[in-house]
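Fold the stuff below for me.
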Amino acid sequence: RTVHVTVANSRRHNFDRSDSNERQESRLRLVSSQCTRYALAYLNTIIWPLLCVIVDRVTDPRGRLGEPQFFIIILLPYMFFPLQGFLNFIIFIAPKYNAWKHALPDEHFPYILRCALIMGDPP
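Model prediction:
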């Protein structure tokens, strides 16, 4: 009888451990996904000024400023650089928004966004 109880306890303990490992792996996937999004948001703000510098070095855009493709390339860094804060905000609020969306699947976007911003964790 003691062997049976010991084996049963061992199986229960190993099952709890595997459940814990699955939760840790799930959490690790969420964190790595959020980290990748932050890196892409940062890369988005760097790539456009870099492209502008490369175009400036390779071509002579000074004499061709009236052409639309050069105007757009010059305009892109001014559009995307300030967006980094907004993109960081979206990435930061996304896990809480998804948790609220999961808790309240029938609610609309503005209500869930307000809950994610103002209230704490979902019920």
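
Beyond the helix or strand where Glu25 lies, next helix or strand please.
Per DSSP states H and E: Glu25 is located in helix 2-58. Using DSSP H and E, the helix or strand that directly follows helix 2-58 along the chain is helix 68-80.

could you say what helices and strands the next helix or strand along the chain from that next one packs with?
Going down the chain from helix 68-80, the next helix or strand is helix 83-103, by DSSP H and E. Contacts defined by 3 or more C-beta pairs under 8 Å, 6 or more residues apart in numbering; DSSP states H and E place helix 83-103 against helix 2-58, helix 109-118. In this view, the C-beta of every residue, glycine as well, is placed from N, C-alpha and C.

what comes up buried for stretch 25-44?
By neighbour count on 16 or more other C-beta atoms under 10 Å, the buried set for stretch 25-44 is Arg37, Ala41.

I figured Leu113 hits Tyr97, correct?
Yes. Using C-beta atoms under 8 Å, Leu113 is in contact with Tyr97, at 6.4 Å.

which ones are touching the nearest residue to Tyr38 once chain neighbours are set aside?
In this structure, Tyr38 finds its nearest non-sequential neighbour in Ile91, 5.7 Å apart by C-beta to C-beta, 6 or more residues apart in numbering. Neighbouring residues of Ile91 by C-beta atoms under 8 Å, 6 or more residues apart in numbering: Gln34, Arg37, Tyr38, Ala41.

mind showing which ranges of the protein have poor pLDDT?
Applying pLDDT under 70 to the chain picks out residues 1-5, 7-20, 60-68.

Could you rerun that using 50?
Along the chain, no part satisfies pLDDT under 50.

I'd like to know how many residues surround Ile73.
18 (other C-beta atoms under 10 Å).

Can you get me a residue count around Met100?
Check again: residue 100 is Trp, not Met. Around Trp100 there are 23 residues (other C-beta under 10 Å).

correct me, but it touches Ile112?
Yes. Contact criterion C-beta under 8 Å: Trp100 and Ile112 qualify, at 4.9 Å.
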